[in-house]
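Chemist: coordinates only, sequence not included:
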C-alpha cells in the first residue's frame, strides 16, 4: 500500500508482517523498538484494526495499557536497525606484571 504523503514510500502490510514473523519461534516474546534518537523497548498490548484518515483499512500495533517500558534497546538491535553506529570497546593489550621481580 502506498503512503499518500510520500508516493515513493511503501508501507508495510499485514501480509509483510506475517511473512517476517513466520520465520520466528511462536513462543518468543515480541517487543516494540521505538525512538531512534533514544532507543527503547516497549511491551506490546495488542492489535487494533481501524480506518485511516483516507478511509483505508489500517492495523495499529498497540503499546500495553501499562505503557511498560523495558529500558534501553540492546545496542546490537539499535545497530541492526541503523539507529546507532557500531561501536567497539577499547583495544586491550596485555599488561606486564605489577609485583616485585623474583627472577635472577
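Modeler: The structure has been received and is ready for your questions. Everything numeric here is computed off the predicted structure, so don't read it as measured data.

Chemist: what's stretch 18-32 in contact with?
Modeler: Stretch 18-32 is contacted from outside by 41-44, 61, 63, 70, using CB atoms under 8 Å, 6 or more residues apart in numbering. Every residue, glycine included, has its C-beta placed from N, CA and C.

Chemist: Quick check: PyMOL command selecting the buried ones in those residues.
Modeler: In PyMOL, this line selects whichever of those come out buried by 16 or more other CB atoms under 10 Å:
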select buried, resi 41+42+43+63
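
Chemist: Is it possible to get TSV of the contacts of stretch 18-32 that adds pLDDT and secondary structure?
Modeler: Listed next are these as TSV, based on pLDDT from 0 to 100; DSSP: H, G, I helix; E, B strand; the rest coil:
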residue	pLDDT	secondary structure
41	90	strand
42	89	strand
43	88	strand
44	89	strand
61	91	strand
63	86	strand
70	86	strand
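
Chemist: So of the contacts of stretch 18-32, which two are at opposite extremes in space?
Modeler: 61 and 70 (15.8 Å; CB to CB).

Chemist: What's the first helix or strand after the helix ranked longest in the chain?
Modeler: Longest helix of the chain, by residue count under DSSP state H: helix 14-21. Beyond helix 14-21 in the direction of the C-terminus, DSSP states H and E gives the next helix or strand as strand 31-34.
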